[in-house]
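Engineer: A predicted structure for the sequence below; I have some questions about it.
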Amino acid sequence: MKYREDMRSGGALLWLFQRVTGVYLAAVLLLHVIMLHVLIEGELNFEAIAHRVATPMWKTINISFLVVALFHGLYGLWIVLDDYVHRRWLRVSVFGLLSIIALVYVTLGILTILPFQPGG
């Protein structure tokens, strides 16, 4: 019966999304290592990274990595805390705090990545 309740409440979808985001994070991390430590020629410096981050493709990859990593990490933390926090008011407070943390870091990350311009 618990499985059916999880299906109706979206629990199964979140369970699946947690696994999919884990695979995505591993793939993007592998891409990061290959691009920055294997394929790059010359010195790795701010200008080289800024030039790459200025392209729309890399902005999209970096922003999606940020959003997915925050979701994956904070939702994982929520799942662990959910097992130990039993008072409703505290659960709501913890969930609210995690949501605020996610919004702050997504906003700061996007505001950091978007201003990069090609040739700048």
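Structural biologist: Structure received. None of these values were measured; they are calculated from a predicted model. Numbers count the residues shown, from 1 in each chain.

Engineer: Let me see the contact set for the residue nearest the centre of the chain.
Structural biologist: The centroid of the chain falls nearest to residue 69 when counting by C-alpha atoms, centre = their mean (2.1 Å). Contacts for residue 69 were tallied using C-beta atoms under 8 Å, 6 or more residues apart in numbering; they are residue 25. In this view, the C-beta of every residue, glycine as well, is placed from N, C-alpha and C.

Engineer: now the spatially closest residue to residue 75 that is not a sequence neighbour: how far from residue 64?
Structural biologist: Distances taken as C-beta to C-beta, 6 or more residues apart in numbering put residue 18 closest to residue 75, at 6.2 Å, once the chain neighbours are dropped. Separation of residue 18 from residue 64 (C-beta to C-beta, to the nearest Å): 16 Å.

Engineer: again, but for residue 71
Structural biologist: When residue 71 is compared with residue 64 (using C-beta to C-beta), they lie 11 Å apart.

Engineer: So between the two, which is more surrounded?
Structural biologist: In this view residue 71 and residue 64 are compared by other C-beta atoms under 10 Å, and residue 71 has more residues nearby, 17 against 12.

Engineer: contacting residues for that one?
Structural biologist: When contacts are counted by C-beta under 8 Å, 6+ apart, residue 71 is found next to 17, 21, 102.
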